[in-house]
Each structure stands twice: as structure tokens, then as C-alpha cells.
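Colleague: Here is a sequence together with a model predicted from it:
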Amino acid sequence: MADLVESVDDFKLALSEARELNAAAAVALERAETQLQRAIQHAFDVPFKCSVPPSAHRRDHKPGRAAKLDTDREMQAFVQARLSRMTFEDIADDVAQTFPPERRVDKSAIRAWWTKNKDRFA
């Protein structure tokens, strides 16, 4: 019987310690939740700083392949030299006579490239 009383006392002590630990854990949890809420509220107070312009990042990760005129500097110079004096169709004919077949572009590609970049040529 003495063993039973001693076991019950040990159990009550363990239960008391568990309640204290539970209370401490509840306080720690409440503090963590408060800190999380503050972090969420102030997450966008400081603007995100990035050294790379977003257009370069988007261009690097854009699906598909780039237009020939966007990647071929020699052809860009060739076309740009003729933009103010020739039609798109005439430029496309000159491109066909000057460049090999794998580098050629047609008048619609030249027009699309010019439309996209015409502000640079003014």
C-alpha cells in the first residue's frame, strides 16, 4: 500500500511538472504567433531591392526562342542602315541576297522588330 501511495505522489508530481511545462509552452507559442503576425504585417514596409531590372530577367526566362533580329547584331546593323531609305520588302530582299539562308528574315520579321524598337531609331 505504501508503494501505491508513493506511486500516486510521484504521478501527481509528474502531472504538476507537465502542467508547468504546458503553461510555459503556451506562453512561448503565443509569443511566436505574435512575432509572426508582426513580421507578416511589416513584411512589405521595406521595398524589395534588386540590382537586375525585371525586363532582363523576363527576357532571359521567356519561353520560346528569340527573334533572329534580336540576337544577330550584324543583321540589326544591316537592317537599321536601310530602314530610312527602303521598304520592309526591299530590305528583306537585300537580306536574302547578303545573308545565308539560315540567317535570313522576311519583311514581317523586319517590321515586327522595327515596331518593337522604333523608339530607339528616332
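Modeller: Great, that's in hand.
Colleague: pull the CA atoms of the helix or strand bottoming out on mean pLDDT in the chain into CSV?
Modeller: Least confident helix or strand, the chain: helix 54-60 with a mean of 71, by mean pLDDT, DSSP states H and E. Taking Å, rounded to 0.1, in the frame of the first residue of the first chain, the C-alpha atoms of helix 54-60 are listed here in CSV:
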residue,chain,number,x,y,z
PRO,A,54,12.8,42.9,-64.3
SER,A,55,12.8,43.2,-68.1
ALA,A,56,16.2,41.5,-68.3
HIS,A,57,15.0,38.6,-66.1
ARG,A,58,11.8,38.2,-68.0
ARG,A,59,13.7,38.2,-71.3
ASP,A,60,16.2,35.6,-70.0
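Colleague: and the next element down the chain from that helix?
Modeller: Counting by DSSP states H and E, the next helix or strand C-terminal to helix 54-60 is helix 68-71.
Colleague: Please state the offset of that following helix from the chain centre?
Modeller: Chain-centre distance of helix 68-71: 24 Å, with Cα atoms, centre = their mean, to the nearest Å.
Colleague: Over to stretch 97-111?
Modeller: Taking Cα atoms, centre = their mean, the mean C-alpha location of stretch 97-111 is offset from the chain mean by 33 Å.
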